[in-house]
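> What follows is a protein structure lacking sequence information:
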């Protein structure tokens, strides 16, 4: 077994696509049907690829907000810019797989593309995750709710990241 076995599993585009479906579905619910835009997914992936952030987020209330999470656990934003940049290929791979598998729908228009969750639930084969995958799904849903309530410019400022 490779030393980076767990990290390779975490960066699996299939897990990322399923997490992004949860993220987009929850975002749409809290944003009254509006889908998240591409920068939202970059931020989400950088946070979801950080175990301590997932450990904190998956247990939080949906109405708490990202600033509550950061206030409770400042390590969420420590190194976030670097994680965002280094996880960019994983973000795009997960989005591509999500679109090609029918989990997500890419929508165009002015500005950044947006991605909408298709359907009301994940397919049964990937819906009932256990262990770390279930925690990642839970954290993704909470990020979707949190990000839907803030404009991307304010979110970037609060999380101290730049695009």
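Ah, there it is. Predicted model, so just to flag it, every value in this text is computed and none were measured.

> what's the helix or strand harbouring residue 44 in contact with?
Element membership for residue 44 (DSSP states H and E) is helix 38-48. The contact list for helix 38-48, computed with C-beta atoms under 8 Å, 6 or more residues apart in numbering, reads 16, 19-20, 23, 27, 36, 53-54, 57, 76, 80, 83-84, 87-88, 90-91, 94-95, 112-115, 136, 139-140, 143-144, 147, 152, 155-156, 159, 161, 163. To be clear about C-beta, it is placed using only N, CA and C from the backbone, and glycine gets the same treatment.

> How far off centre is that helix?
Relative to its chain's centre, helix 38-48 lies at 5 Å (C-alpha atoms, centre = their mean, to the nearest Å).

> Show me where the protein has its helices.
Counting by DSSP state H, the segments of the chain that form helices are 5-10, 13-30, 38-48, 51-57, 66-72, 80-86, 88-100, 124-127, 131-148, 152-159.

> Quick one: those helices as CSV, columns for mean pLDDT, mean neighbour count and distance to residue 108 too.
Rendered in CSV, the data for the helices of the chain read as follows (pLDDT from 0 to 100; neighbours: other C-beta atoms under 10 Å; distance: least, C-beta to C-beta, whole Å):
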stretch, mean pLDDT, mean neighbour count, distance to residue 108
helix 5-10, 54, 12, 30
helix 13-30, 96, 24, 16
helix 38-48, 97, 25, 11
helix 51-57, 91, 18, 30
helix 66-72, 88, 16, 27
helix 80-86, 95, 16, 23
helix 88-100, 96, 18, 13
helix 124-127, 81, 10, 27
helix 131-148, 93, 21, 20
helix 152-159, 94, 15, 17
